[in-house]
Each structure stands twice: as C-alpha cells, then as structure tokens.
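Visitor: What shape does this take:
(one chain, ligands or ions: 1)
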Amino acid sequence: MTATAGIPLVNAWNEWDTLREVVVGSADGACFEPTEPGNRPQVRRHKGAQFPTGRKSAEAVARANEELNGLARLLESRAVTVRRPGPHDFSRPLRTPHFDVENQYCAVCPRDVLITLGNEIVEATMSRRARYFEYEPYRHLVYEYWEADPRVGWTVAPKPTMSDAMYRQDFWEWPIEERHRRMHASEFCVGQTEVVFDAADMSRFGRDILVQESMTTNRAGIRWLKRTLEPKGFRVHPVHFPLDYFPSHIDCTFVPLRPGLILANPDRPISQDELSMFTDNGWELIQAPEPVLTNDEMPPYCQSSKWLSMNVLSLSPSTVICEEQEKSLQDLLADQGFEVLTVPFRNVFEYGGSLHCATWDIRRDGTREDYFP
Ligand code: NVA
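Guide: Predicted structure coming up:
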C-alpha cells in the first residue's frame, strides 16, 4: 500500500462523510465476556443464571460471521474498501502484574477499541480486563497505514492497571432508587484514579469531539483526551445522558447523521446544558422510533439494550445502513431524505453491537470543519 498525493490514507473527521475504507469486525475465535470488576454479564430472562465462559459455539460464531461478511459485501458493492482484523486467540487467559482474567472477548466491535480522529489513529485504554489486548487483531492494519503514509498519526493511550482498586464494585449493587438519586453524579463502575476510556464513547463532529462519561469512560479519560487532542486543534466536550443508569458507548444514544441532524434516543435525553451547543447552532434532534425488539426480546447473551436499533452506519451524508428488520427507523430516515440500505445483523447483537460498533472507519472524504462556530 502506498500513499496517494491527495487525501491521506487515514482521514475521518466526522461520522457521516463519504466512506472510502473501513474495518469490519470478525467473530472468529470469540469468547463469552467474563465476569470482572468492570462487567457483570447477565443471561437475559434468566436472572442469576451462571453466565457462560470460554469460547462461543461454532454455530454462534458462524451466524455472526455470515452477517458481518454480508455487511462487508454490501460495503464493497458501494466501492468501499473493506479490511478485516487478524487472528487472535481470545480463549487465552491473561495475567498481568495487576489482574488475572480467564479469557478475552472478541474482535467483533473495532469501534470500541480504535478511533480515527482526522489523520490520526487513537487506540483507547479500554475499561475491561478481557479487552486489554483487543487492539492486537488490528495492529497489522495500523502498521500498514502508518508505514505507507507519513501523514498518518498513531497515538496509544496509557494502559491503566485495571487492578481491583481502579473499580468501584459497589456500583453493581446499587438499587434503582440509588441510581436515580446519583444520576447527575456520573459515578459508575470505573473510579477516577486512572485514565480510562473506550473509543466508542466518542462521536466526531469535525473540530468537535463529544465524549460520553460512562461505565467505560471516566473523567480522567476525558481529561487525557482533552489535553492530547486540544493542542491539535480539536475541542473535546464531555456529554452526559443522566437517565441512562448504565451508560456505555455513545452510538446507541446520540447519533449524528449529517451536518445539522442527530438521531437521539428518546429514553436518554442529553443533559439540558449540553443540548444548547446543538440548538444554538441550528442542529435538529430527531427521536429514534421504538425498536422492533423489546429489551426482553434481545438475544440471551447480549449485554446491550434494544437501542442497538440506532447503531446505524453512514456511507455518506445521504446514505445510511440500518438493520434489516428496523422498519420504523428505516421509514423515519427515508422521510428525512436518506437512501436507506439494509442488512440482517441480529446475530451480531449477542456480541454487544450493531452496524456502527462492528466497524471502524479509516477513510472518509472531507476535512476538518467547524460545525459549532
Ligand atoms: N450500551 C449501549 C450499547 C452501545 C453499543 C446500550 O446498551 O444501549
């Protein structure tokens, strides 16, 4: 691979400009997410049942891969270059000086791990032990882009210890009233002693980057992002969705579709004072319709909510990919003037994500714009 004279090989300033190259995740070798201080997975509809450990079944992996491959084919049919993660043995346990974990997770959701910010690739710290080395299946790609184009930047965030002391484990025991009482305190299962963030808590709007404070991103993580990115000309904005008592990853909550338009989660309004940045600049928020599945109908091992329906992938400011069965959302987007493409993706839900989560955009057209002058 060699750099072209024009647009750098790595170039993505927002979530919607025309997509040219993207990484699509893979379920190869996927394991169940282990119980650990930052994660208490539950079997849906079977409260208290033991969550499985070790490898997912060959059938579950094949079902997810079929849909991930289908997404890859759709993207290629739209002239998007598709790249895939390399192999990784997720069944291996990890032992560091600070923790042990029985197995790792998967490479279905590159969005959680890596983000392209302009011409720079940023590898997140991650927030869970089982995901500590999840950058590895993507490193061959990072090296390839970095070697091929001197304009490509590469920043690796400081790895936290993920020791017991980094977490606030009583978080998992708080009754719902306690969560409601604390909803503006932004205290979740990660404490504030170390820099912690997952890449999927960020959303890109040209010069402006939103970062959701969550179970997977703490205030130290946001400070690190601010101090690292603002000297490079970005503005970093912490955002909060106080009615989401288990926030993690912004892309089922607040999803920009094109300049001036956001798909918003009706159950999770953005904090009133943070809304003004959008309303003052003429942005419109449209509410996502009720998803087809209820939370109870989501797959038993899926730890994400029904709002995976909103986890759409933009191919351009006028074309968006939606999950095949989410008809109401497809209609809403079509009414807004979008060309709506669809793919089946329900079998990927078990891995915690949908179309946006399962991708990492490497190159889109466009440059750094100021949408909030
Ligand atoms: N934590 C989010 C999913 C993010 C991909 C949710 O459950 O809605």
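
Visitor: Where do the strands of the stretch 201-350 of the chain begin and end?
Guide: 202-205, 208-212, 235-239, 254-258, 261-264, 284-287, 313-316, 319-323, 339-343 (DSSP state E, counting those that start in this stretch).

Visitor: Contacts only, for the closest residue to residue 240 other than its chain neighbours.
Guide: The shortest distance from residue 240 to any non-neighbouring residue, by C-beta to C-beta, 6 or more residues apart in numbering, is to residue 271 (4.6 Å). For every residue, glycine as well, the C-beta is placed using N, CA and C. By C-beta atoms under 8 Å, 6 or more residues apart in numbering, the contact list for residue 271 reads 239, 240, 241, 242.

Visitor: just checking, the second one touches residue 213?
Guide: Pointing back at residue 240 there. Yes - using C-beta atoms under 8 Å, residue 240 is in contact with residue 213, at 5.8 Å.

Visitor: what do the two both touch?
Guide: With C-beta under 8 Å, 6+ apart, residue 240 and residue 213 have common neighbours residue 186.

Visitor: Comparing those two, which residue is more hemmed in?
Guide: residue 213 (21 against 18; other C-beta atoms under 10 Å).

Visitor: Quickly find the element holding the closest residue to the more buried one other than its chain neighbours.
Guide: Once flanking residues are discounted, residue 213 sits nearest to residue 186: 4.8 Å by C-beta to C-beta, 6+ apart. In this structure, residue 186 sits in neither a helix nor a strand according to DSSP states H and E.

Visitor: show me what contacts residue 186?
Guide: Residues near residue 186 by C-beta under 8 Å, 6+ apart: 213, 219, 240.

Visitor: Adding pLDDT as columns, could you present those residues in CSV?
Guide: Shown next, in CSV, are the contacts of residue 186 (pLDDT from 0 to 100):
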residue, pLDDT
213, 98
219, 98
240, 98
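
Visitor: just to revisit the earlier point, can you check the pLDDT for the residue nearest to residue 240?
Guide: The predicted local confidence for residue 271 comes out at a pLDDT of 97.

Visitor: go on, residue 4?
Guide: The model reports residue 4 with a pLDDT of 63.

Visitor: Go through the contacts of residue 186 and flag which are in helices.
Guide: Judged by DSSP state H, the contacts of residue 186 include residue 219 as members of helices.

Visitor: Can you show me the strands along the stretch 51-200 of the chain?
Guide: Counting by DSSP E, counting those that start in this stretch, the stretch 51-200 of the chain has these strands, from start to end: 81-83, 94-95, 100-101, 114-117, 120-123, 153-156.

Visitor: out of the ones you listed, nearest to the ligand?
Guide: The ligand lies closest to strand 114-117 among those, at 14.1 Å (C-beta to the nearest ligand atom).

Visitor: just checking, what packs against that closest one?
Guide: strand 120-123, strand 202-205, strand 359-364 (3 or more C-beta pairs under 8 Å, 6 or more residues apart in numbering; DSSP states H and E).

Visitor: now with 7 Å?
Guide: Under the contact definition 3 or more C-beta pairs under 7 Å, 6 or more residues apart in numbering; DSSP states H and E, strand 114-117 sits against strand 120-123, strand 359-364.

Visitor: Let me know which of these is tucked in deepest.
Guide: The highest average neighbour count among those, using mean count of other C-beta atoms under 10 Å, belongs to strand 359-364 at a mean of 25.

Visitor: Now tell me what touches the lengthiest helix in the chain from outside.
Guide: If you go by DSSP H, the chain has its longest helix at helix 58-77. Helix 58-77 is contacted by residues 22, 24-28, 30, 82, 108, 321, 341, 343-345, 347-348, 350-351, 355, 358 when judged by C-beta atoms under 7 Å, 6 or more residues apart in numbering.
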